[in-house]
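> sequence-free structure coming up:
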C-alpha cells in the first residue's frame, strides 16, 4: 500500500528549528569561550554540541520522511530486523562524554554528582549492549506471519490477525503502532506469554496498541516500515515475495 500524504508527524515544526538554532549558537559559544575559560567552554561545547547534533538529525529525518510519500515498500523476508546496537552505543557514548566532562571540568557538587550519574547510566547501557542484554528485540516478516521477538521468546502474528496500523510520536521519536487479534497470536515458548501480556499491557496504556515499534531504534524510517506493514497486511499476494530475501526498497 502506498502512502499518499505526508504525515503531520513528519512536518518540521518551529520548535525543531528553534532547538537546532539554540543548540548551534551555544555550541559556537562554547568554542568561543574555550580560549578564555577552558573548563566552562568544553562543558558547554560537549553538551550543546550533542543537543545540536540531535536537533539536526531530527530535521534531516523529517525531511527524508517527506520525500517518502506515495511509495511502496518491500522488506527482506525471513530475516530478523534487529534493534541497532550501534545507535544504542552512540547514545551510551554521548552520555559518557557529557558525564565525564562534568566530572572532570566542573567543581560544583551538583554538577559533579550529575556527571557521575550520567557516567553510570552510559556505562550501564554500553555494558548491556556489549553483553547482549540490550538491543535483543527484533521484527521479522514472513509469508505467513509477522513476528515480534526478543531473547525471552517471540509472538507470531498471522497477517490476517493484524487489525490496525498507525503512526505516533514519543518525545520526537517516531513510533509505528500495531493492533492485533490476540486470540490468533502464537507465543513461543509458552512460558513467554505472561511477559508478553505485560508488555502488551504497557503498550496499550501508552499508545492504545498491542505493539509499538520505535522505528529509529531499528534503523528504519517510520514511513517505510508503516508502508511495508500496510502492504503485507492488506495484500495477501504481496506476501509471496517474503519467501525471497529482498533488500529494503523504497
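Nice, thanks for sending it over. Please read all numbers here as calculations on a predicted model, not as lab measurements.
> please make it C-alpha for all contacts and neighbour counts, starting now.
Noted.
> now do stretch 223-231, average pLDDT.
When pLDDT is averaged over stretch 223-231, the result is 92.
> and this structure, split by domain according to the record?
For the chain, the structural domains run 8-66, 85-131, 136-243, going by automatic domain parsing.
> so which of those domains is nearest residue 79?
Using C-alpha to C-alpha as the measure, domain 136-243 is the one of those that comes nearest residue 79, at 5.9 Å.
> could you tell me the end-to-end distance of the closest one?
The first residue of domain 136-243 is 24 Å away from its last residue (C-alpha to C-alpha, to the nearest Å).
> rewinding a little: dump the domains of the chain to a markdown table, plus distance to residue 76.
Output for those, formatted as a markdown table (distance: least, C-alpha to C-alpha, whole Å):
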| stretch | distance to residue 76 |
| --- | --- |
| domain 8-66 | 20 |
| domain 85-131 | 19 |
| domain 136-243 | 7 |
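> out of these, nearest to residue 75?
When those are compared for distance to residue 75 using C-alpha to C-alpha, the nearest one is domain 136-243, at 6.8 Å.
> wait, residue 97 sits on residue 46?
Yes - taking contact to mean C-alpha atoms under 8 Å, the distance of 7.2 Å between residue 97 and residue 46 places them in contact.
> quick one: contacts of the helix or strand residue 112 falls within?
Secondary-structure element containing residue 112, defined by DSSP states H and E: helix 109-131. Under the criterion C-alpha atoms under 8 Å, 6 or more residues apart in numbering, residues 85, 88-89, 91-103, 106, 134-135 lie in contact with helix 109-131.
> how does it look with 7 Å?
The set of residues external to helix 109-131 that reach it, using C-alpha atoms under 7 Å, 6 or more residues apart in numbering, is 85, 89, 92-93, 95-96, 98-100, 102-103, 106, 134-135.
> by contact count, what packs against whichever helix or strand comes after that helix?
Reading on from helix 109-131 to the C-terminus, the next helix or strand found by DSSP H and E is strand 138-141. For strand 138-141, the packing partners by 3 or more C-alpha pairs under 7 Å, 6 or more residues apart in numbering; DSSP states H and E come out as strand 81-82, strand 145-150.
> same thing but 10 Å
Applying 3 or more C-alpha pairs under 10 Å, 6 or more residues apart in numbering; DSSP states H and E, one finds that strand 138-141 contacts strand 81-82, strand 145-150, strand 153-158, helix 222-234.
> ok, then the element right after the shortest one?
In other words, strand 81-82. As assigned by DSSP H and E, the chain's next helix or strand after strand 81-82 is helix 85-105.
> now the angle from that next one to helix 109-131?
In terms of direction (axes from the mean of the first three to the mean of the last three C-alpha atoms, to 10 degrees), helix 85-105 departs from helix 109-131 by 150 degrees.
> check the offset of helix 85-105 from the chain's centre.
For helix 85-105, the distance between its averaged C-alpha position and the chain's averaged C-alpha position is 18 Å (C-alpha atoms, centre = their mean, to the nearest Å).
> quick one: the closest residue to residue 221 other than its chain neighbours from residue 29, how far?
Nearest non-adjacent residue to residue 221, counting by C-alpha to C-alpha, 6 or more residues apart in numbering: residue 215, 6.1 Å away. Using C-alpha to C-alpha, we find residue 215 at a distance of 34 Å from residue 29.
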